[in-house]
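*Asks:* What follows is a predicted structure for the sequence shown.
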Amino acid sequence: MFASRPVSDPISVAELAKLTGLQYRGDGQRPISKVSSLSLADATSLCFIRNDQYLEALVQSQCAACIVPEAIDLPEKLSAAVVLSDNPHRDFLRVIEILGLYRGNLEPGSVHSSAIIADSASISDSASIAAHCVIGERVKLGENIQIGAGCVIEDDVEIGDHSKLMSNVTICFGSKLGRKVIVQPGAVIGGDGFGLVFEQGEWLHVPHLGNVLLGDRVEVGANTTIDRGALDDTVIGTGVKLDNLIQIGHNVQIGDYTAIAGGVSIAGSAVIGQNCKISGEAAIVGHIRIADNVTVTAKTLVSHSIEQSGVYSSGTPMMENRLWRRNAVRFKTLDQLHRTVKKIEP
Amino acid sequence: MFASRPVSDPISVAELAKLTGLQYRGDGQRPISKVSSLSLADATSLCFIRNDQYLEALVQSQCAACIVPEAIDLPEKLSAAVVLSDNPHRDFLRVIEILGLYRGNLEPGSVHSSAIIADSASISDSASIAAHCVIGERVKLGENIQIGAGCVIEDDVEIGDHSKLMSNVTICFGSKLGRKVIVQPGAVIGGDGFGLVFEQGEWLHVPHLGNVLLGDRVEVGANTTIDRGALDDTVIGTGVKLDNLIQIGHNVQIGDYTAIAGGVSIAGSAVIGQNCKISGEAAIVGHIRIADNVTVTAKTLVSHSIEQSGVYSSGTPMMENRLWRRNAVRFKTLDQLHRTVKKIEP
Amino acid sequence: MFASRPVSDPISVAELAKLTGLQYRGDGQRPISKVSSLSLADATSLCFIRNDQYLEALVQSQCAACIVPEAIDLPEKLSAAVVLSDNPHRDFLRVIEILGLYRGNLEPGSVHSSAIIADSASISDSASIAAHCVIGERVKLGENIQIGAGCVIEDDVEIGDHSKLMSNVTICFGSKLGRKVIVQPGAVIGGDGFGLVFEQGEWLHVPHLGNVLLGDRVEVGANTTIDRGALDDTVIGTGVKLDNLIQIGHNVQIGDYTAIAGGVSIAGSAVIGQNCKISGEAAIVGHIRIADNVTVTAKTLVSHSIEQSGVYSSGTPMMENRLWRRNAVRFKTLDQLHRTVKKIEP
């Protein structure tokens, strides 16, 4: 279903440096046919290191060449050629792109005959649509879009140029995705929110009328869910990165370039600033605000608004269970302990 | 794929009051063409407020009309018409229903030609089945059921009248869903449970023979999973509301009208009472019982049975990480601190 | 869609004992037509008990027969026949297998006409493929494989003999699954990992080139996600059991026979030993190592490597919220309390 990988014609270190516009040192004729981690590299591998912490590993490695920070002091006995970069990881990613090494892209402009596409949908000739997709009424798909197998795109969805849905993604009615958005398998964008209105001993059903808006370059992880707004929209800013199995409630707003790790839950109407980092399995209660540039550590419960940028935590340290039990039981009388000490304090 | 939205013919405040059986004050001729939140309302919007906390926002709003509590003291300078209600949120939801504003309903009685339906399945003429669904042997679907695109309904499933599965839902063999059940995309009902039987250094595979039973008016969130029972059934009571990404283990029982927020995990054979509220990312260990009318706060670990109704919590408050580290390290010697204080207490 | 259940011809206790190679006591002519839990058993049910804790329940039960530990002291007044076993649960599972009571298996060798299968895929004649599956280029499926409805198996995937995917599973390009692997609905194996490279105010997209490797007899729960490696592979060992809604990051390694409960998040490059037990909603940070034979209790945050086998915990005990608040607020000044006590300690 994917575009064929390019024949892995080896490329020389010198050619690679030329393609990327970077300088190199060492044997420019060494052939490169793949990228690898240092520990698994062989004689045709390109690697990268971020800083001199990895120099020893580089010396030990069999790799053909390595992208290294330009300011680094290189050891004398280095068999690998080096390519100099002001940001080795970025240039390593550029090489992956330039050599076409990623294998998960669909062939451009291929629409599988088993896809069900509404007549009123507007789909560019460059769009790729894999088998067993369903595309609803009035859907608009931009240029060079890829829709993986088994995706359902409901009515009135709009997706910007160069965006990509992997397999079995669900985009519910009315959602708007920007350009270069990537959605991993199983993600659900635009499910109804969790509205709770109690009446005569029973929860009423709350139909959700808002949409979900994803900015440009948003990435959404596998099986992550983003609910539509109750009346207004749920809004995910430009360049936001969401890991797997994240729950984002109705009417949440997330500022540009915020990154959120796996297993986080964000309750309804929370507003999160720009450039935040929310670590794994944190939870954020509803109707609060988090300032820009806030980092929340793993498993923290954000129970109230955060006004100042900074790092925030809750929880207790991990211990051997035997010791933990002994201390945890004392947490139950911590207030009493506090009062006792207050009393005997001179 | 959905039923077309009604032409948004404006309706006057007076007509709306008549349709809902409610009284109004102010200009009955103002046209209403949509519902909105107060902050985004324009001159044809209907809004609602729950109490007088929102009166100032109502005064500032551009809305045409607002459903308000009947006992409220209205300010003199109010440009909006008001509709009086003993429960404004409920009546606002009724307006959404009456005006057909929700866009996620399939056209009644439409079965897409790409759906694969077993001959032995029994499906009423009023059922709607979207593209690329798969419906197994002996499945029974009641009146006015909607099955979204890409759903798989395995053998021997029964679904009651007026129930609705959104796109890409999986209902595994033998599950029984009541009337007016709503299941959001990606949810899995009836996967095999997590049986652990260890034998000679290896976990045995544990086939699960029980089913999942969902009562009437149960709502299930996106990508939530409810496992089938090992031998007996997993049972979800009437009117239970489940948010997204909830895990419900084998043989769990949940009492009527309990509501559970996103990211909660409930281990096998836990029994949860009626009218409970389990907040986000709480976890409930297996084989315990929770009484009726229990509220569990966010991220709490319910590690033992709860016999009395009430509110229960675990965890520590969120702090700046610098302060948190200082206190958290002392948790490791809390028992020692306790003993020291005991010793020096006069 | 499934193989028909065997006609539930009753089988006598004596026949059952013979089939399983076990001894029995009591009336060998009693007919057995199903397996049940003790509490719901009727006169044709087979049950089992693990130890004498359940003897009273067995005496009260209506069951036809019960598999019991061979060393047990049986009460005199027992109407049920008993089958003697050195591991009753294991032999109970064997009976389920022998009598074919599990209903979730596809008919062998049936390929539904709606499945889209690439010409270059290599699929054995004994494989079963349900409706609306998509199977990519160069996929290799072993003997007696079952692929549930709506599954997407992308290019270059290999799946070993006797493995089974339930409905709506996604296996991304290049993943390799061993023999007798079972994957529950909605699981995603091989989504791109959560790579974070920041450059000029924006997160770069990080294409992932590694694969996911699952050992023999791995079980994967519903809607669980396992990310592919960045360069090297993500590796799940032999016999690992994963519950529902687990997140496994890129390049994680999990040792043989480790079991992980629902809602756990494991961040990238964590290495987990063999025979570990990770309880529900625990979280494991990235780039750490956990030794063999480690148990982590529910909701624990594993924030650093664990070198020694044992049981590890974090968190605080659950309390009534009123009491919890009183103690939790003191956690904020625990360090100060500690210092005060140090000062006044004689």
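*Replies:* Thanks, I have it.
*Asks:* What distance do you get for the closest residue to A:Arg179 other than its chain neighbours to A:Gly142?
*Replies:* Nearest non-adjacent residue to A:Arg179, counting by Cβ to Cβ, 6 or more residues apart in numbering or on different chains: A:Gly160, 3.6 Å away. All C-beta spots, glycine's among them, are computed from the backbone N, C-alpha and C. Distance, A:Gly160 to A:Gly142, using Cβ to Cβ, to the nearest Å: 5 Å.
*Asks:* between those two, what contacts are shared?
*Replies:* Counting by Cβ atoms under 8 Å, 6 or more residues apart in numbering or on different chains, the shared contacts of A:Gly160 and A:Gly142 are A:Arg179.
*Asks:* that older thread, pretty sure the residue nearest to A:Arg179 sits against A:Leu177.
*Replies:* Yes - counting by Cβ atoms under 8 Å, A:Gly160 touches A:Leu177, with 6.1 Å between them.
*Asks:* What part of chain A, helix or strand, is modelled with the least confidence?
*Replies:* Ranked by mean pLDDT, DSSP states H and E, the weakest helix or strand in chain A is strand A:197-199, scoring a mean of 89.
*Asks:* Adjacent strands (with direction) for that one?
*Replies:* Paired neighbours of strand A:197-199 in the sheet (DSSP bridges): strand A:202-204 (antiparallel).
*Asks:* Stretch A:222-238: how far from the chain's middle?
*Replies:* 15 Å (Cα atoms, centre = their mean, to the nearest Å).
*Asks:* hang on, I meant stretch A:216-224
*Replies:* On the basis of Cα atoms, centre = their mean, stretch A:216-224 sits 6 Å off its chain's mean C-alpha point.
*Asks:* I'd like the average pLDDT over it.
*Replies:* Averaging pLDDT along stretch A:216-224 gives 98.
*Asks:* residues in the stretch 51-200 of chain A within reach of chain C, list them.
*Replies:* A:87, A:89-90, A:93, A:96-97, A:101-104, A:112, A:114, A:130-132, A:148-150, A:166-168, A:180, A:182, A:184-186 (Cβ under 8 Å from any Cβ of the partner chain).
*Asks:* tell me, which of these make contact with chain B?
*Replies:* Counting by Cβ under 8 Å from any Cβ, the members of these near chain B are A:Ser114, A:His132, A:Gly150, A:Asn168, A:Gly186.
*Asks:* Okay, and the beta partners of the closest residue to A:Gly310 other than its chain neighbours?
*Replies:* Once flanking residues are discounted, A:Gly310 sits nearest to B:Glu320: 5.7 Å by Cβ to Cβ, 6+ apart. Here B:Glu320 sits in beta bridges with A:Tyr312, going by DSSP bridges.
*Asks:* what's the burial count for B:Glu320?
*Replies:* Look at B:Glu320: counted by other Cβ atoms under 10 Å in any protein chain shown, it has 14 neighbours.
*Asks:* right, and it touches A:Tyr312 too?
*Replies:* Yes - taking contacts as Cβ under 8 Å, B:Glu320 lies within contact range of A:Tyr312: 6.2 Å.
*Asks:* Which members of the residues of the stretch 51-200 of chain A next to chain C are classed as buried?
*Replies:* Burial by neighbour count, 16 or more other Cβ atoms under 10 Å in any protein chain shown: within those this picks out A:87, A:89-90, A:93, A:96, A:101-104, A:112, A:114, A:130-132, A:148-150, A:166-168, A:180, A:182, A:184-186.
*Asks:* just to revisit the earlier point, so who does the residue nearest to A:Gly310 touch?
*Replies:* B:Glu320 touches A:Gly310, A:Val311, A:Tyr312, A:Ser313, counting by Cβ under 8 Å, 6+ apart.
*Asks:* Only the buried subset of those, as a ChimeraX command please.
*Replies:* A single ChimeraX command is used to select the members of these judged buried by 16+ other Cβ under 10 Å:
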select /A:311,312,313
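*Asks:* Quick one: end-to-end distance for stretch A:200-214.
*Replies:* One end of stretch A:200-214 to the other measures 38 Å (Cα to Cα, to the nearest Å).
*Asks:* Check the offset of that stretch from the chain's centre.
*Replies:* For stretch A:200-214, the distance to the chain centre is 27 Å (Cα atoms, centre = their mean).
*Asks:* Name the residues of it that come out as buried.
*Replies:* Buried residues in stretch A:200-214 (16+ other Cβ under 10 Å): A:Trp203, A:Leu204, A:His205, A:Val206, A:Pro207, A:His208, A:Leu209, A:Gly210, A:Asn211, A:Val212, A:Leu213, A:Leu214.
*Asks:* Pick the one among those residues closest to chain B.
*Replies:* Nearest to chain B among the buried residues of stretch A:200-214, counting by Cβ to the nearest Cβ, is A:Pro207 at 3.8 Å.
*Asks:* ok so, going back, neighbour-wise, which of A:Gly160 and A:Leu177 wins?
*Replies:* Neighbours per residue, other Cβ under 10 Å: of A:Gly160 and A:Leu177, the larger number sits with A:Leu177, 28 against 20.
*Asks:* Right, I'll call it a day here.
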